[in-house]
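Colleague: here is the input, now give the coordinates:
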Amino acid sequence: MHTVTRVGDLDVIVKPSPVAMVWNEPGRAHDALAAPGVRLAPGEAVVEVELATICGADVRVVRGEQPAPAPLVLGHEQVGRVVAIGEGARRVDGVLLGLGDRVVWSTTVSCGECDRCTRGVSQACRTLGRYGHERVHRGWELSGGFATHVQLRRGTAIVRAPEDVPSRVLAPAACTAATAVAALEAASTRLGLDGALILVTGAGLVGLTVAAMAIDAGAEVIVSDPDASRRELVRRFGAVPVDPGARSTSSGGLAAARAEFERRGLGEVHVAVEASGAAAAVRSSIDALGTGGVAVLVGHAPRGSEVCLDPESLVRRLVTIQSVRDASGEQLRRAVAFLERSWRSFPFDELVGSTHPLADLDRAIDEAATGRHLRVGVAPGRRHV
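Modeller: Prediction:
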């Protein structure tokens, strides 16, 4: 049990001291950093982490496959409880934060005042901060989810987390469910989802969440993934799984799935959400669209990836291509509302594999790197097992 003591207007002392796990370089184990004092400015809060989950981006950084500043506290998917509050700190819905509130929060910190923020793309703020992506510095040591506590900066979108939804369902929400909301909202600006045929490439947590939300909105959904175990998950989510490596004549391929939907009166793919990050999947998603279709690019392709497109085909088919990165605070709020309403209808609570104590973070990341589970959990309050 942690105790929190206010010292003056800004300083907060937490006992035992909060601990953050610091990554320094590939091949080196994380180091534990104690941060006994936090200077809490107006609009900020300190949250005790209940559960964090390991995203693929965390694995890529640790393995040296993705550049990142060091030293670094990784982790941007988590749920926790507020233990200290700066003056005026509020949730996205405008309600003042309260001690003990269970919350999730955005992956980004935005100023709210620059030209990008004021025109509605705060996730691309001129002075953007990112949880789990910022070099550790004095004054913001608790900057990532792989810690006992996180200091939420002013400009963070904070959303109430329902008490009756499991932490393993809520922890990934800011990265996955909020992105899924953003992707489908981008598509729905062009056409309605009810009755639409949607193709999702990539059955990771974002792709599966897109499928669940689209089905909930009345769409028919095909999900393409080369992994057989992922395709089984697709089936359990109520979508039609296809193997992108299947031959065109195979019953398990995209052509067969589209032919079946055509017999049911859905001859064209209306929306394609690319969630795998593979350049080949970007091309196949766009090629699969029918007239007036919308492609939404969500997956993070390696830097320098190239995709050849046929401009004449795009113009002739009236295709729209959009991209999504991160999400707004309101989209995160809607994502949490969806999970609260629907987590029992879809197997979200089965997608986090084993959960490790914070001290075993390196072992947890090694397990996440195997890909056996969509997510692996890190619970700071959990003892060694």
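
Colleague: so how far is residue 355 from the closest residue to residue 195 other than its chain neighbours?
Modeller: Spatial nearest neighbour of residue 195, excluding adjacent residues (Cβ to Cβ, 6 or more residues apart in numbering): residue 218 at 6.1 Å. (Glycine included, C-beta is placed from N, CA and C.) According to Cβ to Cβ, to the nearest Å, residue 218 and residue 355 sit 35 Å apart.

Colleague: tell me if I'm right that the residue nearest to residue 195 and residue 197 touch.
Modeller: No - using Cβ atoms under 8 Å, residue 218 is not in contact with residue 197; the gap is 11.4 Å.

Colleague: out of those two, which sits in the busier spot?
Modeller: A count of neighbours by other Cβ atoms under 10 Å puts residue 197 above the other of residue 218 and residue 197, at 26 against 11.

Colleague: surely that one is in contact with residue 264?
Modeller: No - using Cβ under 8 Å, residue 197 is not in contact with residue 264, being 9.4 Å away.

Colleague: what segments of the protein are helices?
Modeller: For the chain, the helices defined by DSSP state H cover 56-62, 115-118, 167-170, 177-188, 205-216, 228-236, 254-263, 279-288, 311-317, 329-342, 361-369.

Colleague: quick one: which of those is nearest residue 305?
Modeller: helix 279-288 (4.3 Å; Cβ to Cβ).

Colleague: who's in contact with residue 266?
Modeller: Going by Cβ atoms under 8 Å, 6 or more residues apart in numbering, residue 266 touches 197, 220.

Colleague: which residues touch residue 366?
Modeller: Counting by Cβ under 8 Å, 6+ apart, residue 366 has no contacts.

Colleague: so how far is residue 49 from it?
Modeller: As judged by Cβ to Cβ, residue 366 and residue 49 stand 21 Å apart.

Colleague: which residue, other than its chain neighbours, is closest to the residue nearest to the spatial centre of the chain?
Modeller: In the chain, the centroid-proximal residue (Cα atoms, centre = their mean) is residue 175; its distance is 1.5 Å. Excluding the flanking residues, the one nearest residue 175 by Cβ to Cβ, 6+ apart is residue 77, at 4.8 Å.

Colleague: can you count the residues close to the one you found?
Modeller: 28.

Colleague: please apply the same query to the one 5 residues further on.
Modeller: Here the count is done by other Cβ under 10 Å, and residue 82 has 20 residues near it.

Colleague: find the nearest non-adjacent residue to it, please.
Modeller: Per Cβ to Cβ, 6+ apart, closest to residue 82 is residue 101, 4.5 Å.

Colleague: contacting residues for the one you found?
Modeller: So residue 101 contacts 81-82, 91, 160 (Cβ under 8 Å, 6+ apart).
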